[in-house]
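Q: Here's a sequence, model it:
(one chain, ligands or ions: 1)
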Amino acid sequence: MIDLYVAATPNGLKVKLFLEEAGLPYTTHTVSLSKGEQFQPAFLAISPNNKIPAIVDHAPLGGGAPVTMFESGAILLYLAEKLGRFIPTDIHGRAEVLQWLFWQMAGLGPMAGQIGHFNVYAPEKVPYAIERYTRETARLYGVLDRQLTDRAFIAGEFSIADIACYPWIVPHAAHGQQLADFPALERWFAAMSARPATQRTYEGVENAYAPKQSLSEDERRVLFGRGASTAR
Ligand SMILES: N[C@@H](CCC(=O)N[C@@H](CS)C(=O)NCC(=O)O)C(=O)O
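A: Have a look, this model is predicted:
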């Protein structure tokens, strides 16, 4: 059994999507980020970076103590290796998946996260930031579009690269992007959206990037106002 610590955000939904695709039993622990539950000591013991997602795997391969993990990319890789699914075993196929998984973690996620922040959450309009991150996100969408031109899935076969990227394309409107500008990406997005596991994952999930005019000052401080003191 796996404990999943999650909120309805792209990084959180990645792991839920994996678990739904794999049909692994899991218990959901919703972490309210705006209430600051990610800073509670019990959660920090699992996720010292005070971010979701995190998991506790009570039945690691080979037995032994439960494995706790944070960082969505590491979690996807850990689970894929544990199950022997969604990552090829041959050197070339594995390398292909790993590079796109890391591309999502280091590029698409952080850049799209920034434009999501400046478009939806920032209390004031910052034209330079909006322009910079819209353009960089468009470039990344274009990279993915080119990759998908001649294949159904990002690394050929369906893999954790697709699972990692999909939740970051869901909020494309908040990223200032139109999928019609990226035909191969749009085709892949439609195919991914139609998968039963995707539909189960997103059932009842509110768009994390829906405009939140009602964010209170306290919530804003909890979400965006923490500095080094949280790590001590
Ligand atoms: N690189 C991390 C990023 C995780 C992350 O940014 N989580 C956000 C939600 S998507 C979070 O928990 N934010 C709460 C906070 O920063 O206090 C991962 O992929 O797991």
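
Q: all contacts plus neighbour counts: C-alpha atoms, from now on.
A: Will do.

Q: what's the distance between the residue nearest to Lys125 when sequence neighbours are not counted and Ala174?
A: Nearest residue to Lys125, sequence neighbours excluded (Cα to Cα, 6 or more residues apart in numbering): Phe118, at 7.2 Å. Distance, Phe118 to Ala174, by Cα to Cα, to the nearest Å: 9 Å.

Q: Kindly report the same for Ala138.
A: Ala138 is 12 Å from Ala174, by Cα to Cα.

Q: go on, Ser72?
A: Counting by Cα to Cα, the gap from Ser72 to Ala174 is 21 Å.

Q: Could I get the average pLDDT for the helix or strand where Ala164 lies?
A: Ala164 belongs to helix 160-169 when elements are defined using DSSP states H and E. The average pLDDT within helix 160-169 is 98.

Q: Ok, stretch 119-129 next?
A: For stretch 119-129, the per-residue pLDDT averages 95.

Q: from here on, count from 743
A: Okay, residue one is now 743; in that scheme the one you just asked about reads as stretch 861-871.

Q: That stretch vs the ligand: in contact?
A: No: figure legend: stretch 861-871 not in contact with the ligand (Cα under 6 Å from any ligand atom); closest approach 13.2 Å.

Q: Go through that stretch and flag the buried ones.
A: 861-863 (16 or more other Cα atoms under 10 Å).

Q: chain center to that stretch: distance?
A: Relative to its chain's centre, stretch 861-871 lies at 22 Å (Cα atoms, centre = their mean, to the nearest Å).

Q: Leaving out the residues flanking it, which one is nearest to Leu803?
A: Lys824 (6.5 Å).

Q: I'd like to know how far that neighbour sits from Leu843.
A: 17 Å.

Q: Could you do Ala922 as well?
A: Separation of Ala922 from Leu843 (Cα to Cα): 24 Å.

Q: Look at those two and report which has more neighbours.
A: Leu843 (26 against 10; other Cα atoms under 10 Å).

Q: And Ser907, how far from Gly826?
A: No, residue 907 isn't Ser; it's Cys. 20 Å.

Q: Please say which of the two ends up with more neighbours.
A: Each of Cys907 and Gly826 has its neighbours counted (other Cα under 10 Å); Cys907 has more, 23 against 11.

Q: dump the residue contacts of the more buried one.
A: 843, 846, 850 (Cα atoms under 8 Å, 6 or more residues apart in numbering).

Q: Can you name the residues that contact the second one?
A: Residues in contact with Gln846 (Cα under 8 Å, 6+ apart) are 903, 906-907.

Q: Out of the residues you listed, which is nearest to Asp887?
A: Cys907 (11.9 Å; Cα to Cα).

Q: Please give the element, helix or strand, for Phe844.
A: Taking DSSP H and E as the criterion, Phe844 maps to helix 833-845.

Q: now the very next helix or strand once past that helix, how far from the centre of its chain.
A: Sequence-wise, the next helix or strand downstream of helix 833-845 (DSSP H and E) is helix 851-858. Here the centre of helix 851-858 is set off from its chain's centre by 11 Å, with Cα atoms, centre = their mean.

Q: Mind checking the pLDDT average for helix 851-858?
A: Averaged across helix 851-858, the pLDDT comes to 98.

Q: Show me the domain layout of the protein.
A: The chain breaks down by automatic domain parsing into domains covering 744-827, 833-944.
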